[in-house]
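**Student:** coordinates only, sequence not included:
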């Protein structure tokens with residue numbers, strides 16, 4: 001990946017590689033900065049295959065650390081800036097990082113305080129050093145400013161194309177996120193193909209308000225832009241008014257969006273078609289009306305519909321930008337080059353006939369397997385002939401296009417993010433008034449799905465929805481906090497005490513209809 005940056009810097013040294021609200025950096029300048037940070041990493045003992053953690057919002061330093069790690073063959077592990085102390089505790093333990101770059105805080109989270117508390121009880125002995133980005137010197141921490149000083153990187157061992165560039169944590173079907181390693185060559189090649197489907201060209205300016213720690217950012221938007229000599233216009237975190245300002249000021253030509261983001265942009269009081277007149281391309285997910293809104297109201301007329309996941313390098317299907325809008329809105333496109341799909345009958349396990357709905361399985365650009373705690377799932381999700389069982393339902397049409405039909409798993413997809421009901425239930429049941437908790441999803445035009453919680457009270461207690469939600473906010477990332485909370489006499493359970501999620505979903509739908 002570092003070599004790719006160097007090639008683009010040689011081709012167009014003065015072109016912006018990244019722009020934020022208050023900063024811009026050229027391809028040549030980022031390459032020079034990366035070499036300095038990489039040398040400091042190597043001198044501090046980081047070697048090929050070592051793991052470097054990153055807890056940071058979208059900013060230039062995110063790119064510097066990524067490319068510096070790539071330059072010396074280290075593996076970057078970005079963590080979600082929505083992580084609570086509890087979630088961060090697991091991520092640090094599971095990833096086994098020895099060096100962590102972190103911003104001091106994000107929103108209501110004080111990462112410096114959380115990390116100091118974890119280290120004070122020797123919870124993570126492998127974590128030897130923490131470097132704070134954009135912060136004043138603080139006892140027990142290094143400062144990132146020191147990493148921008150000194151000499152450039154000298155020749156030495158770097159990464160091979162088949163080495164992991166990143167390990168991304170993605171929500172899974174259990175209450176723990178899964179660790180997904182992804183290699184340099186796959187990120188570059190699949191990212192290039194994603195950019196080709198969008199019609200990206202050198203000089204395009206791509207708005208990236210989605211987090212770079214997602215696969216949607218790290219192995220989709222980033223390589224799609226870099227392989228085409230485009231510019232990443234980065235927002236630290238999505239906020240509709242600020243995003244509109246960036247689109248207008250930077251004359252963005254492409255956008256990475258989600259239905260909830262598109263809705264927020266077009267509904268913002270400061271929205272006006274002239275402000276987004278520069279938009280042409282980009283990618284999104286959603287129902288046909290979501291694709292149409294992004295194309296017609298948001299102005300990205302060549303917007304691409306997509307399908308994929310972290311395990312298959314962010315996307316495995318993308319609609320070509322030149323297809324008619326009606327076709328892009330009603331399917332997720334054809335497989336990207338080097339990708340094979342098949343649809344398997346859930347009962348027989350045989351290949352489905354064209355247009356028949358079954359489970360989507362993917363082969364080609366694919367992770368080699370989960371790591372850490374989630375490695376236990378490898379045997380069940382990877383087939384003997386090299387396919388990944390996505391847990392999603394869909395159909396392949398006669399023309400080879402994929403139509404996504406939903407999920408066979410219990411996952412809730414809120415604003416494009418997978419949420420495990422089991423994890424939310426675990427936290428809910430830690431509230432002193434809650435006896436049992438059942439969590440399900442409810443279809444919503446703005447967010448995809450809402451998180452709905454049903455709770456039974458302990459004897460002598462009652463359910464106070466506001467108190468329960470406040471409890472959740474302390475222990476769950478914001479996007480995992482329930483949207484609706486209902487008290488009930490009893491949850492729908494089987495004779496063996498297992499929660500009947502289908503019945504719970506019916507309850508949520510009925511409540512919404514009244």
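**Tutor:** It's in. Computed from a predicted structure; not experimentally measured.
**Student:** For the protein, which residues score under the pLDDT cut-off?
**Tutor:** Regions of the chain meeting the criterion pLDDT under 70 cover residues 171-175, 407, 409, 494-498.
**Student:** in it, which helix has the most residues?
**Tutor:** helix 27-43 (DSSP state H).
**Student:** so what secondary structure elements neighbour that one?
**Tutor:** In terms of contacts (3 or more C-beta pairs under 8 Å, 6 or more residues apart in numbering; DSSP states H and E), helix 27-43 is packed against helix 2-11, strand 16-19, helix 60-71. Every residue, glycine included, has its C-beta placed from N, CA and C.
**Student:** Quick check: bridge partners of the nearest residue to residue 488 once chain neighbours are set aside?
**Tutor:** The shortest distance from residue 488 to any non-neighbouring residue, by C-beta to C-beta, 6 or more residues apart in numbering, is to residue 454 (5.1 Å). Listed by DSSP bridges, the beta-bridge partners for residue 454 are residue 438, residue 486.
**Student:** and what of residue 142?
**Tutor:** Beta-bridge pairing of residue 142 under DSSP bridges involves residue 131.
**Student:** and the residue nearest to residue 488, how many neighbours?
**Tutor:** Using other C-beta atoms under 10 Å, the number of residues around residue 454 comes to 26.
**Student:** Pretty sure it sits against residue 438.
**Tutor:** Yes - Residue 454 is within contact range of residue 438, at 4.6 Å (criterion: C-beta atoms under 8 Å).
**Student:** buried stuff in the longest helix of the chain?
**Tutor:** 27-31, 33-42 (16 or more other C-beta atoms under 10 Å).
**Student:** and that helix with helix 2-11, angle?
**Tutor:** Angle between the axes of helix 27-43 and helix 2-11 is 150 degrees (criterion: axes from the mean of the first three to the mean of the last three C-alpha atoms, to 10 degrees).
**Student:** Among the helices and strands packed on helix 27-43, which comes closest to residue 101?
**Tutor:** Among the helices and strands packed on helix 27-43, the nearest to residue 101 by C-beta to C-beta is helix 60-71 (5.3 Å).
**Student:** so what's residue 223 up against?
**Tutor:** 1, 187, 188, 190, 191, 192, 194, 195 (C-beta atoms under 8 Å, 6 or more residues apart in numbering).
**Student:** Just the buried ones out of these, please.
**Tutor:** 1, 187, 188, 190, 191, 192, 194, 195.
**Student:** In terms of helix, strand or coil, where does residue 48 fall?
**Tutor:** With DSSP: H, G, I helix; E, B strand; the rest coil as the basis, residue 48 sits in coil.
**Student:** Chain neighbours aside, what residue packs nearest to it?
**Tutor:** Residue 48's closest residue in space is residue 73 (C-beta to C-beta, 6+ apart), at 3.1 Å.
**Student:** how close does that neighbour sit to residue 350?
**Tutor:** Separation of residue 73 from residue 350 (C-beta to C-beta, to the nearest Å) stands at 43 Å.
**Student:** Could you check which of the two has the larger neighbour count?
**Tutor:** Between residue 73 and residue 350, counting by other C-beta under 10 Å, residue 73 is the more crowded of the two (22 against 10).
**Student:** ok so, going back, just the closest of the buried ones among the contacts of residue 223 to residue 150, please.
**Tutor:** Residue 150 has its nearest neighbour among the buried ones among the contacts of residue 223 in residue 1, at 22.2 Å by C-beta to C-beta.
**Student:** so that closest one makes contact with residue 184?
**Tutor:** Yes - the pair residue 1 and residue 184 passes the contact test of C-beta under 8 Å, sitting 5.3 Å apart.
**Student:** and for these two, which residues touch both?
**Tutor:** Contacts common to residue 1 and residue 184, judged by C-beta under 8 Å, 6+ apart, are 70, 159, 165.
**Student:** Enumerate every residue touching the first one.
**Tutor:** I take that to be residue 70. Taking C-beta under 8 Å, 6+ apart, one finds 1, 2, 76, 158, 159, 165, 184 in contact with residue 70.
**Student:** switch to 10 Å and redo it
**Tutor:** Residues in contact with residue 70 (C-beta atoms under 10 Å, 6 or more residues apart in numbering) are 1-5, 34, 38, 76, 158-159, 163, 165-166, 184, 187.
**Student:** Thought residue 46 was touching the residue nearest to residue 48, still the case?
**Tutor:** Yes - with contact defined as C-beta atoms under 10 Å, residue 73 reaches residue 46; the gap is 9.2 Å.
**Student:** right, so the helices and strands packed on helix 27-43: which one is the most enclosed?
**Tutor:** Stretch with highest mean neighbour count among these: helix 60-71 (a mean of 25; mean count of other C-beta atoms under 10 Å).
**Student:** helices and strands around the helix or strand just after that one, which ones?
**Tutor:** Where DSSP states H and E defines the elements, the next helix or strand beyond helix 60-71 is strand 75-79. If you count contacts as 3 or more C-beta pairs under 10 Å, 6 or more residues apart in numbering; DSSP states H and E, strand 75-79 packs onto strand 51-55, helix 60-71, helix 85-95, strand 99-102, strand 164-170, strand 178-183.
**Student:** Can you lay out the ones you listed as CSV showing distance to residue 334?
**Tutor:** Below are the helices and strands packed on strand 75-79 laid out as CSV (distance: least, C-beta to C-beta, whole Å):
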stretch, distance to residue 334
strand 51-55, 34
helix 60-71, 30
helix 85-95, 35
strand 99-102, 39
strand 164-170, 24
strand 178-183, 22
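**Student:** Between these, which one is closest to residue 249.
**Tutor:** Closest among the helices and strands packed on strand 75-79, using C-beta to C-beta: helix 60-71, at 17.1 Å.
**Student:** tell me the angle that closest one makes with strand 51-55.
**Tutor:** With the same axes, to 10 degrees applied, the angle from helix 60-71 to strand 51-55 works out at 170 degrees.
**Student:** what's the neighbour count on residue 120?
**Tutor:** For residue 120, using other C-beta under 10 Å, the count is 9.
**Student:** Show the contacting residues for it.
**Tutor:** Counting by C-beta under 10 Å, 6+ apart, residue 120 makes contact with residue 140.
**Student:** could you pull out the helices for the stretch 201-350 of the chain?
**Tutor:** With DSSP state H, counting those that start in this stretch applied, the stretch 201-350 of the chain shows helices at 215-216, 222-226, 240-250, 259-267, 288-296, 325-330, listed in chain order.
**Student:** Going by neighbour count, which residues in the fourth one are buried?
**Tutor:** Taking 16+ other C-beta under 10 Å as the neighbour-count basis, helix 259-267 is seen to contain the buried residues 259, 260, 261, 262, 263, 264, 265, 266.
**Student:** From the contact counts, what lies against that helix?
**Tutor:** Helix 259-267 packs on helix 240-250, strand 254-256, strand 281-284, helix 288-296, going by 3+ C-beta pairs under 10 Å, 6+ apart.
**Student:** Of these, which is nearest residue 302?
**Tutor:** Closest approach to residue 302 among the helices and strands packed on helix 259-267 is made by strand 281-284 (4.6 Å; C-beta to C-beta).
**Student:** and that closest one, how far out from the chain's middle?
**Tutor:** Remark: strand 281-284 is offset 16 Å from the chain centroid, using C-alpha atoms, centre = their mean, to the nearest Å.
**Student:** which secondary structure elements does that strand contact?
**Tutor:** Short answer (3+ C-beta pairs under 10 Å, 6+ apart): strand 281-284 packs on helix 184-198, strand 205-208, strand 254-256, helix 259-267, helix 288-296, strand 304-307.
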